[in-house]
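Enquirer: this one's structure only:
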């Protein structure tokens, strides 16, 4: 028998906490608020089929290896999209990645070794927690409030930290965050960029949801603030993705970063997968160039807003005086806390028995010790499912509060 | 200015030595024997266009996130293909990866930390060298001869090595290797598996070329030998890819490994890119299921054999008494050594001046100190280009031998 030995970082990997919910999804009639998937009913199938056909306009190029940095047509289309969002950007500044997950992974590879201090906006996106854990990062939690990252508390944290514990990276989702759905106000964005410049760390801005804004609530990416305040010394590294606004199955993301960082990420990407699938890159480029993106995005935002409103209303109807949440102004998620301490284990069991699923709050706290919350996604269920799911959640909540 | 600091492994990354040849490729009229790309003239464009249309048979599934392990249809098709190659395999044993490059990267992530001893068949595939270097592996060279990995010398190496220097992994391309084009005979395969069992290391079998065999020269993958000799204790980890036999642009590879290794690789893959692009996976599955693969593979093998024969003949005609090589029985590469010591720097300059490009041998030696060879690929150029390229190489070779 061959001895199977693994490196320490992977010795006891736990996998994704959300993935552990998969077995429950097969329960018949279950309504899931647990997913982080976009709604398949909003995919622009006709537009993507057209784009798929156009992939073969130049078959020799479409079927061969591509440059590690990305196909020129897609780099151009993504640069244009970045400009629409308020960023100043040229095509050769775009590094195409296999989803924004890979962009974060490449940054972790070049910046993080065991013990490297990384600050993480908390509650935090579980895949970011997992990537940092596997790399052995020394994770520090930076709390958020109803307006996203609490930059004043961060300033205090940085002030009080020993120099060796100050971060090399800070990870944040400033626009319609996962899991909280919050939008960081412009004044905090400016203060955050200034902190990064002062203490010499990079801000990793993960921006898959920024365009999913309701009522034109969106603000330009933090990256734009960084450009305005620091020019070429912009401390923001920008990650984005077409997964939430076009289709996850393309696995097309991109990274904007200073030339030196981008070059090192490209070298790491050679080792990771040589290049992102050119067939998927070209499908994405043809779709973005077709002119159909803005209309489908508008349709998506309107529908997500409708579903979010339905969820907020249904939760208020079904569980008054029990739940606390801030109505999101964009994105896919509602972060729900409780008026009373809950037995989270009983609540989860009771929810599953009642036929409704959510992601328990514990999944979003990298250092553990907190669990009094849940993440609900309104992106995938219909309004009718949302209402029925809220009724089930109301029933599940009855009687699981811990007596005070 | 933000201080840019990188982890040690990426402190001075050199990138791919083959990539450094790219600037020369723009020279007008240049004939390149340097690439590792398959011939675009052999892509089954019609079959892949059909497969591309079929991707949208079930748009909601085709455009959504997929399971990290791969789309069921593709896992089944790749299991069948593995069985055709002589492997015993079920669909749920297949981990789909973003090219076989990612499969190797995942293995490096779970097995290698700085200082981990890894044996590398040398001359070696440069991207494997790069991945191991970036991970900080302690690389040991295991030499090859005209029949591939010299397993007797390996046995001696292992015997003489201090226990701490014995490998955790050994990397080899046993079938039509890159760069040497050699095919490891069955007797060596058995001896190699026995060594892995005896010393407790995993053999990483990289098999992108095994099906590209001329005159039915192929033998089943080393993985099959491992299955036959050790059953569930098979010490071989199998990587393969559709890049050389269908199209690189799909970025579809796969890994066969024991359940524990596969599970850890799947967790690492979540962090890397969540899943391989479902649109590309489905295109690959529909193509493999269309029944067109065997005929196109046959056409590809016949054409590569024709080009290989043309190259061998042309080199014998144009540079008699100068070059040493073994005629490959499959694959894409010819490894050329010299009858006399060459000034490799002058040879490369002279070749470029004469309008022909190859990959200098130094790129294939992880520990340096050797350079008296070159890798020629016959896959992409036409027979006429091969003959003209050989004439140019003959002119370049004249007068660059080092006087003895």
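Expert: Looks like it arrived, so ask away. What you see is a predicted model, and the numbers here were worked out from it, not measured in a lab.
Enquirer: other SSEs contacting the helix or strand hosting residue A:389?
Expert: Here residue A:389 sits within helix A:383-397, counting by DSSP states H and E. Packing partners of helix A:383-397 (3 or more CB pairs under 8 Å, 6 or more residues apart in numbering or on different chains; DSSP states H and E): strand A:31-32, helix A:293-318, helix A:344-354, strand A:356-357. Glycine gets a C-beta too; all of them are placed from N, C-alpha and C.
Enquirer: quick check: buried residues in stretch A:143-154?
Expert: In terms of neighbour count (16 or more other CB atoms under 10 Å in any protein chain shown), stretch A:143-154 has its buried residues at A:144, A:148, A:149, A:150, A:151, A:154.
Enquirer: quick one on the thing from earlier: export the helices and strands packed on helix A:383-397 as TSV, with columns for mean neighbour count.
Expert: Shown next, in TSV, are the helices and strands packed on helix A:383-397 (neighbours: other CB atoms under 10 Å in any protein chain shown):
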stretch	mean neighbour count
strand A:31-32	23
helix A:293-318	18
helix A:344-354	18
strand A:356-357	24
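Enquirer: save the ones you listed as a markdown table, and put in distance to residue A:388 too.
Expert: Formatted as a markdown table, the helices and strands packed on helix A:383-397 follow (distance: least, CB to CB, whole Å):
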| stretch | distance to residue A:388 |
| --- | --- |
| strand A:31-32 | 6 |
| helix A:293-318 | 9 |
| helix A:344-354 | 10 |
| strand A:356-357 | 8 |
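Enquirer: dump those to a markdown table, plus mean pLDDT and distance to chain B.
Expert: As requested, the helices and strands packed on helix A:383-397 are exported to a markdown table (pLDDT from 0 to 100; distance: least, CB to the nearest CB, whole Å):
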| stretch | mean pLDDT | distance to chain B |
| --- | --- | --- |
| strand A:31-32 | 96 | 14 |
| helix A:293-318 | 97 | 12 |
| helix A:344-354 | 94 | 21 |
| strand A:356-357 | 96 | 17 |
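Enquirer: what's the closest of these to residue A:163?
Expert: Shortest distance between residue A:163 and the helices and strands packed on helix A:383-397, using CB to CB, is found for helix A:344-354: 37.6 Å.
Enquirer: the top strand by length along chain A near chain B at all?
Expert: Counting by DSSP state E, the longest strand found in chain A is strand A:138-145. No. Figure legend: strand A:138-145 not in contact with chain B (CB under 8 Å from any CB of the partner chain); closest approach 13.5 Å.
Enquirer: which strands or helices does that strand pack on?
Expert: strand A:117-122, helix A:126-134, helix A:151-160.
Enquirer: try 10 Å
Expert: In terms of contacts (3 or more CB pairs under 10 Å, 6 or more residues apart in numbering or on different chains; DSSP states H and E), strand A:138-145 is packed against strand A:117-122, helix A:126-134, helix A:151-160, strand A:169-172.
Enquirer: neighbouring contacts of the very next helix or strand once past that strand?
Expert: Using DSSP H and E, the helix or strand that follows strand A:138-145 in sequence is strand A:148-149. Residues external to strand A:148-149 that are found in contact with it (CB atoms under 10 Å, 6 or more residues apart in numbering or on different chains): A:119, A:121-122, A:142-143, A:170, A:172-177, A:180-185, A:188-189, A:191-192, A:203, A:222.
Enquirer: quick check: PyMOL command selecting the buried ones in those.
Expert: Selection of the buried residues among those in PyMOL, burial being defined by 16+ other CB under 10 Å:
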select buried, chain A and resi 119+121+122+142+170+172+173+174+175+176+177+180+181+182+183+184+188+189+191+192+203+222
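Enquirer: could I get the contacting residues of the closest residue to chain B within the stretch 301-404 of chain A?
Expert: Residue nearest to chain B within the stretch 301-404 of chain A: residue A:380 (9.8 Å; CB to the nearest CB). Listed by CB under 10 Å, 6+ apart, the contact set of residue A:380 reads A:31-42, A:307, A:332, A:386, B:64.
Enquirer: out of those residues, the closest to residue B:355 would be?
Expert: Using CB to CB, the contacts of residue A:380 come closest to residue B:355 at residue B:64, 49.3 Å.
Enquirer: next up, the contacts around that closest one.
Expert: By CB under 10 Å, 6+ apart, residue B:64 lies in contact with A:35, A:37-40, A:43, A:243, A:247-249, A:380, B:58, B:275, B:278.
Enquirer: again, 7 Å this time
Expert: For residue B:64, the contact set (CB atoms under 7 Å, 6 or more residues apart in numbering or on different chains) comprises A:37, A:40, A:248, A:249.
Enquirer: can you check residue A:170 too?
Expert: A:119, A:142, A:201, A:203, A:204.
Enquirer: list buried residues within the contacts of residue A:380.
Expert: The buried subset of these (16+ other CB under 10 Å) comprises A:31-40, A:42, A:307, A:332, A:386, B:64.
Enquirer: widest-spaced pair of those?
Expert: The distance between the two most remote of these (CB to CB) is 19.5 Å, for A:386 and B:64.
Enquirer: quick one: pLDDT of residue A:327?
Expert: The score at residue A:327 is 95. That number is its pLDDT.
Enquirer: on the three-state scheme, it is what?
Expert: Under DSSP: H, G, I helix; E, B strand; the rest coil, residue A:327 falls in the coil class.
Enquirer: count the residues that sit near it.
Expert: Neighbours of residue A:327 under the rule other CB atoms under 10 Å in any protein chain shown: 12.
Enquirer: need phi/psi at it.
Expert: Main-chain dihedrals, residue A:327, degrees, to the nearest 10: phi -70, psi 120.
Enquirer: that one touches residue A:312, doesn't it?
Expert: Yes. Contact between residue A:327 and residue A:312 holds when scored by CB atoms under 7 Å: they sit 5.3 Å apart.
Enquirer: which members of the contacts of residue A:170 are the farthest-apart pair?
Expert: Spanning the widest gap among the contacts of residue A:170 are A:142 and A:204, at 12.3 Å by CB to CB.
Enquirer: now the helices and strands packed on strand A:138-145 in JSON lines, with distance to residue B:302?
Expert: As requested, those are exported to JSON lines (distance: least, CB to CB, whole Å):
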{"stretch": "strand A:117-122", "distance to residue B:302": "54"}
{"stretch": "helix A:126-134", "distance to residue B:302": "46"}
{"stretch": "helix A:151-160", "distance to residue B:302": "65"}
{"stretch": "strand A:169-172", "distance to residue B:302": "53"}
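Enquirer: among those, which comes closest to residue B:211?
Expert: Ranking those by proximity to residue B:211 (CB to CB) places helix A:126-134 first, at 34.5 Å.
Enquirer: buried ones in the closest one?
Expert: Quick answer for helix A:126-134 (16+ other CB under 10 Å): A:126, A:127, A:128, A:129, A:130, A:131, A:132, A:134.
Enquirer: tell me the angle of it relative to strand A:138-145?
Expert: Calculated by axes from the mean of the first three to the mean of the last three CA atoms, to 10 degrees, helix A:126-134 forms an angle of 160 degrees with strand A:138-145.
Enquirer: helix A:126-134 close to chain B?
Expert: Yes. Against chain B, helix A:126-134 shows contacts by CB under 7 Å from any CB of the partner chain at A:127, A:130, A:131, A:134.
Enquirer: which one of these is nearest chain B?
Expert: Chain B has its nearest neighbour among the residues of helix A:126-134 next to chain B in residue A:131, at 4.5 Å by CB to the nearest CB.
Enquirer: quick one: contacts for the closest one?
Expert: For residue A:131, the contact set (CB under 7 Å, 6+ apart) comprises A:104, A:105, A:108, B:271.
Enquirer: what helix or strand does the closest residue to it other than its chain neighbours sit in?
Expert: The shortest distance from residue A:131 to any non-neighbouring residue, by CB to CB, 6 or more residues apart in numbering or on different chains, is to residue B:271 (4.5 Å). If you go by DSSP H and E, residue B:271 is part of helix B:259-273.
Enquirer: which outside residues touch whichever helix or strand comes after that helix?
Expert: On the C-terminal side of helix B:259-273, the nearest following helix or strand under DSSP H and E is helix B:278-289. Contacts to helix B:278-289, defined as CB under 7 Å, 6+ apart, come from residues A:249-250, A:277, A:279-280, A:283, B:47-48, B:51-52, B:54-55, B:62, B:66, B:70-71, B:73-74, B:77, B:81, B:96, B:242, B:246, B:250-252, B:293.
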